[in-house]
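> For reference, the sequence and a predicted model appear below.
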Amino acid sequence: MNRSLLLLDAFTAHPGDPVSRALSGVLESAAAGCLPRFAQWLGLPPDEFRLMLDACFPGAATAGWQPDAPPADPGALPCEFGDLVEMLWSGRSAGADSRLVRWAAHALACGCFGRTHLWQDMGLSGREDVSNLLRQMFGPVFLANTTDMKWKKFFYHRVCERLDLHPCPEPSCSGCDQFENCHGPEARLGASQPVSMLPSAKR
């Protein structure tokens, strides 16, 4: 089994694309133990995971790239994982490829289960990488963050708004040395904008 990010990147269908970078980054972080084991499959069913590999990293599976953990039973996934995916799906960009949207939503949701900055746990270079992904694939979600809230925290707040949960639980960030900076008061930039509601994602 070859879990190398270099091997996966060598087969990227669209080098530098925000979705491809997010997928490969999350898979590498999961393989390195920075994310829960279910993230090695992006929380996807095995058949859909292999479809994602063939579509985004054609030839990688044939060359030997595959997760080293068995796929998680859907019922064993954290309950908020599906809520995060649904929140992102409901705020997808108009005209975006539905398969890429779903896979990107799973990558972002997986990243929320790390213990540092979202971009770090997704194996990305910085917060702007997450912003670029959201801007491209989840435009309404990106635009709704009018206070420049940290993305992981913002995702949880959006989920709590949708489910009418109060108080809202904070994401797992205790391993980060900037916890107080991220979870302190946010600088308000404008009035909150609602995320447009669209049909639910396939579970």
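Here it is on my side, so go on. Numbers count the residues shown, from 1 in each chain.

> Just give the number of residues close to Gly95.
6 (other Cβ atoms under 10 Å). Bear in mind the C-beta positions are built from the backbone N, C-alpha and C, glycine included.

> What of Trp151?
Trp151 has 25 nearby residues by other Cβ under 10 Å.

> Can you give me the distance of it to Asp121?
According to Cβ to Cβ, to the nearest Å, Trp151 and Asp121 sit 11 Å apart.

> now Ala31
In terms of Cβ to Cβ, Ala31 sits 13 Å off from Asp121.

> More neighbours: which of the two?
Asp121 (26 against 22).

> roughly how far apart are the closest residue to the more buried one other than its chain neighbours and Leu23?
Closest residue to Asp121 apart from its sequence neighbours, by Cβ to Cβ, 6 or more residues apart in numbering: Gly114 at 2.6 Å. Note on Gly114: its distance to Leu23, by Cβ to Cβ, is 15 Å.

> With Trp65 instead?
12 Å.

> Could you check which of these two has the larger neighbour count?
Legend: neighbour count by other Cβ under 10 Å for Trp65 and Leu23, higher for Leu23 (26 against 21).

> tell me the contacts of the spatially closest residue to Ala96 that is not a sequence neighbour?
Distances taken as Cβ to Cβ, 6+ apart place Met137 nearest to Ala96, at 5.4 Å, with adjacent residues excluded. Met137 makes contacts with Pro18, Val19, Arg92, Ser93, Ala96, Leu100, Val101, Ala104, as judged by Cβ atoms under 8 Å, 6 or more residues apart in numbering.

> Let me know the pLDDT of Met137.
Each residue has a pLDDT score; the one for Met137 is 98.

> Now do the same for Leu35: helix, strand or coil?
Counting by DSSP: H, G, I helix; E, B strand; the rest coil, the backbone at Leu35 sits in coil.

> typed the wrong thing, it's Val85
Per three-state DSSP, Val85 ends up helix.

> low-confidence ranges in the chain?
Scanning the chain for pLDDT under 70 picks out 1-7, 166-203.

> Going by residue numbers, what spans are helices in it?
If DSSP state H is used as the criterion, the helices of the chain fall at 5-10, 18-31, 46-56, 79-90, 98-111, 118-121, 127-137, 139-144, 151-163, 179-182.
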